[in-house]
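Undergrad: I need the structure of the sequence given here:
(2 chains)
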2 protein chains.
Amino acid sequence: MPRYKAIIAYDGTLFAGFQRQPKVRTIQKELEKVLTKINNGQKIKIHGAGRTDKGVHALNQVIHFDFPRQYCKEKMRFALDTKTPNDIAIKSIKIVPNNWHARFVLHEKTYEFHVQILKPRNPFKRKYTTYFPYPIELARIKTAIKFLEGFHDFTGFTASNSKTQKKSRTIYEASVKQINDELIFTFRGNGFLYKQIRIMVGTLLKIGNSRMELTQILKILNEKKRSLAGPTAHPEGLFLKKVRYFS
Amino acid sequence: MPRYKAIIAYDGTLFAGFQRQPKVRTIQKELEKVLTKINNGQKIKIHGAGRTDKGVHALNQVIHFDFPRQYCKEKMRFALDTKTPNDIAIKSIKIVPNNWHARFVLHEKTYEFHVQILKPRNPFKRKYTTYFPYPIELARIKTAIKFLEGFHDFTGFTASNSKTQKKSRTIYEASVKQINDELIFTFRGNGFLYKQIRIMVGTLLKIGNSRMELTQILKILNEKKRSLAGPTAHPEGLFLKKVRYFS
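TA: Sure, this is the predicted structure:
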């Protein structure tokens, strides 16, 4: 059975997240519904590179699925794109080997987090940025964010109810820039824990606002206590920007 | 009683238009509700430069209202901005003479119309562009759009049930450019009829798609028949961009 890899984008606003769950609208559910329909009612299951949370967006999420017939790429892309609701777009499709897997093949992910920092709040960005109209010293954030790069145990930066055993990950790049009225945080790494990026951003904003020491980042990494970190930033500023596979 | 002029922005998606109407959510209604509340329940009425339709956005709409107390500008802006829903922003406020009027003082308006022309449809732009993924010859639109500039009777470009008597207006500038996957139309004029811009854009897209002659614009202007023009483009691509007063 041919295996298809697809790059998709979605506006997370009206979804309860990527992963299938009972009674709520999720990206996985919408895609599987359409694929199953195209397959005359025989169930098709999809696998995503990452499970974005409720309200989180994706510019280039990667999924794969097995489908009993071999379609040409553009025909499959067009069918899926036109049949899915218009807050999901199918950007490209290709056929991959049967042992390729969107989640298990080694990869790195890049996330962006957008924060609107100037008043008044832009009504067109209210679903795509988090609003933080308080004094910010950008240089403080630029220094502190570098402490996050490298191989660390990120226990202190994940939700305290996280069930994941292994909490060490590598962040290859952590940076921030200001473009007009927005701060844009970029995090590139081999994997991120549940709510990790939102807690890192919440902590960095508190540092930028001078309500927390720069070195608090090191303390959180060492002591591994969620209570030492800042609040969890709202999900609407978070975008899964890119997934890059090493094979 | 001091008269306040305000520049506001709104995302038109969830509004039935600018103007107060019974039983539906409108921009005028939301603003008057907040102002009346700030005024301890004594009714305040606002006047807008233009009445945008259902689903149409504004980057810089201008309104005025009389308010019995003199507040400092930033205090009034902040109060209004924080009390209105977050799809409306109050960008600036100033006090104007008592005979100044947002609608009746001579002015020109600039509208932009955004069309997404490439596939797949961008889910983040679905509320802020109209989607037209068909072949377009941009040079045809660039030629045809210039026929709209100048002083004309625009009867053929307005909804056939329009009750306005005088249907002549001046368009100072009509232009189009492509930026990435979008066509951006700009119209600057001393006033526009009901649905005029959406019908002009619908007609220009049909010309760009080679399903209508370039010179059809001249025919519509001469014969003044709505039936000669193209379809009315969807409202979500339309933005009131600027209102410039001559006094």
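Undergrad: hmm, the helix or strand of chain A with the lowest mean pLDDT touching chain B?
TA: Ranking every helix and strand in chain A by mean pLDDT, DSSP states H and E puts helix A:73-83 at the bottom, with a mean of 94. Yes: Helix A:73-83 reaches chain B (C-beta under 8 Å from any C-beta of the partner chain) through A:77, A:81. Where C-beta positions appear, they are placed from N, C-alpha and C, glycine not excepted.
Undergrad: mind listing what's buried in stretch A:170-179?
TA: Applying a neighbour-count criterion of 16 or more other C-beta atoms under 10 Å in any protein chain shown, one finds A:171, A:174, A:176 buried in stretch A:170-179.
Undergrad: residues contacting A:R121?
TA: Residues in contact with A:R121 (C-beta atoms under 8 Å, 6 or more residues apart in numbering or on different chains) are A:131, A:133, B:81, B:86, B:89.
Undergrad: got a list of contacts for the least confident helix or strand of chain A?
TA: So helix A:73-83 is contacted by A:4, A:6, A:31, A:34-35, A:37-38, A:67, A:71, A:89-95, B:119-121 (C-beta under 8 Å, 6+ apart).
Undergrad: What pairs with the next helix or strand after that helix, parallel or antiparallel?
TA: Counting by DSSP states H and E, the next helix or strand C-terminal to helix A:73-83 is strand A:88-96. Its sheet considered, strand A:88-96 pairs with strand A:3-10 (antiparallel) by DSSP bridges.
Undergrad: what's the distance between the strand it pairs with and the middle of its chain?
TA: With C-alpha atoms, centre = their mean, to the nearest Å as the basis, strand A:3-10 stands 15 Å off its chain's centre.
Undergrad: Return the members of the contacts of helix A:73-83 classed as buried.
TA: Using 16+ other C-beta under 10 Å as the burial test, the contacts of helix A:73-83 include A:4, A:6, A:31, A:34-35, A:38, A:67, A:71, A:89-91, A:93, A:95, B:119-121 as buried.
Undergrad: and the residues you listed, which two are the farthest apart?
TA: Largest separation among the buried ones among the contacts of helix A:73-83 by C-beta to C-beta: A:I95 and B:R121, giving 23.8 Å.
Undergrad: which residues in chain A form strands?
TA: Under the criterion DSSP state E, chain A contains strands at A:3-10, A:46-48, A:57-66, A:88-96, A:107-116, A:130-131, A:150-153, A:168-179, A:182-189, A:238-245.
Undergrad: can I get the ones you listed in JSON lines with mean pLDDT?
TA: Output for the strands of chain A, formatted as JSON lines (pLDDT from 0 to 100):
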{"stretch": "strand A:3-10", "mean pLDDT": "98"}
{"stretch": "strand A:46-48", "mean pLDDT": "98"}
{"stretch": "strand A:57-66", "mean pLDDT": "98"}
{"stretch": "strand A:88-96", "mean pLDDT": "97"}
{"stretch": "strand A:107-116", "mean pLDDT": "98"}
{"stretch": "strand A:130-131", "mean pLDDT": "96"}
{"stretch": "strand A:150-153", "mean pLDDT": "97"}
{"stretch": "strand A:168-179", "mean pLDDT": "98"}
{"stretch": "strand A:182-189", "mean pLDDT": "98"}
{"stretch": "strand A:238-245", "mean pLDDT": "98"}
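Undergrad: Can you tell me which of those is nearest to A:F18?
TA: Of all the strands of chain A, it is strand A:46-48 that lies closest to A:F18, at 5.4 Å by C-beta to C-beta.
Undergrad: Packing partners of the closest one?
TA: helix A:27-38, strand A:57-66 (3 or more C-beta pairs under 8 Å, 6 or more residues apart in numbering or on different chains; DSSP states H and E).
Undergrad: And these: which comes nearest chain B?
TA: Evaluated over the helices and strands packed on strand A:46-48, closeness to chain B peaks at strand A:57-66, with 7.4 Å, by C-beta to the nearest C-beta.
Undergrad: Could you tell me how far the closest one lies from the centre of the chain?
TA: 11 Å.
Undergrad: Contacts only, for the spatially closest residue to A:Q116 that is not a sequence neighbour.
TA: Distance criterion C-beta to C-beta, 6 or more residues apart in numbering or on different chains; nearest residue to A:Q116, sequence neighbours excluded, is A:T129 at 4.2 Å. With contact taken as C-beta under 8 Å, 6+ apart, A:T129 is in contact with A:114-116, A:122, A:182, A:236-237.
Undergrad: want to try TSV for these, with distance to A:I63 and neighbour count as columns?
TA: Formatted as TSV, the contacts of A:T129 follow (distance: C-beta to C-beta, whole Å; neighbours: other C-beta atoms under 10 Å in any protein chain shown):
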residue	distance to A:I63	neighbour count
A:H114	24	19
A:V115	28	24
A:Q116	30	21
A:N122	31	21
A:E182	29	18
A:E236	22	19
A:G237	23	28
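Undergrad: Out of those, flag the one nearest to A:T155.
TA: Set against A:T155, the nearest of these by C-beta to C-beta is A:G237 (23.4 Å).
Undergrad: Among the helices and strands packed on strand A:46-48, show me which one is buried the most.
TA: strand A:57-66 (a mean of 22; mean count of other C-beta atoms under 10 Å in any protein chain shown).
Undergrad: what angle do that one and strand A:107-116 make?
TA: 150 degrees (axes from the mean of the first three to the mean of the last three C-alpha atoms, to 10 degrees).
Undergrad: ok, strand A:57-66: who's next to it in the sheet?
TA: When DSSP bridges is applied, strand A:57-66 pairs with strand A:3-10 (antiparallel), strand A:46-48 (antiparallel), strand A:238-245 (parallel).
Undergrad: hey, which of those strands is tucked in deepest?
TA: Ranked by mean neighbours (mean count of other C-beta under 10 Å), the strands paired with strand A:57-66 are led by strand A:3-10, with a mean of 22.
Undergrad: quick check: angle from it to helix A:73-83?
TA: Going by the same axes, to 10 degrees, strand A:3-10 is angled at 40 degrees with respect to helix A:73-83.
Undergrad: surely A:K54 meets A:G17?
TA: Yes: counting by C-beta atoms under 8 Å, A:K54 does reach A:G17; the two are 4.6 Å apart.
Undergrad: Skipping its backbone neighbours, what lies nearest A:R226 in space?
TA: A:S160 (4.5 Å).
Undergrad: Backbone dihedrals for the one you found, please?
TA: As for A:S160, its main-chain torsions (degrees, to the nearest 10) stand at phi -70, psi -20.
Undergrad: how many other residues sit next to it?
TA: 10 (other C-beta atoms under 10 Å in any protein chain shown).
Undergrad: Write out the residues of chain A neighbouring chain B.
TA: Taking C-beta under 8 Å from any C-beta as the contact definition, chain A meets chain B at A:9-11, A:57, A:77, A:81, A:86-91, A:119-124, A:126, A:128.
Undergrad: any idea how far B:Q116 is from the residue nearest to A:Q116?
TA: 21 Å (C-beta to C-beta, to the nearest Å).
Undergrad: next one: A:K241
TA: Computed as C-beta to C-beta, the A:K241 to B:Q116 distance reads 20 Å.
Undergrad: thinking again about what came up before, got a pLDDT number for the residue nearest to A:Q116?
TA: For A:T129, the model assigns a pLDDT of 97.
Undergrad: before we move on, the earlier item: list just the nearest of the buried ones among the contacts of helix A:73-83 to A:H107.
TA: Of all the buried ones among the contacts of helix A:73-83, A:H107 sits closest to A:A6, with 15.0 Å by C-beta to C-beta.
Undergrad: didn't that closest one look like it was pressed against A:I90?
TA: Yes: in this structure, A:A6 is within contact of A:I90 by C-beta under 8 Å, at 5.8 Å.
Undergrad: Looking at the residue located most distally from the centre of chain A now. What's its pLDDT?
TA: Distance to the chain centre peaks in chain A at A:N40, reaching 32.0 Å (criterion: C-alpha atoms, centre = their mean). For A:N40, the model assigns a pLDDT of 95.
Undergrad: Sounds good, over and out.
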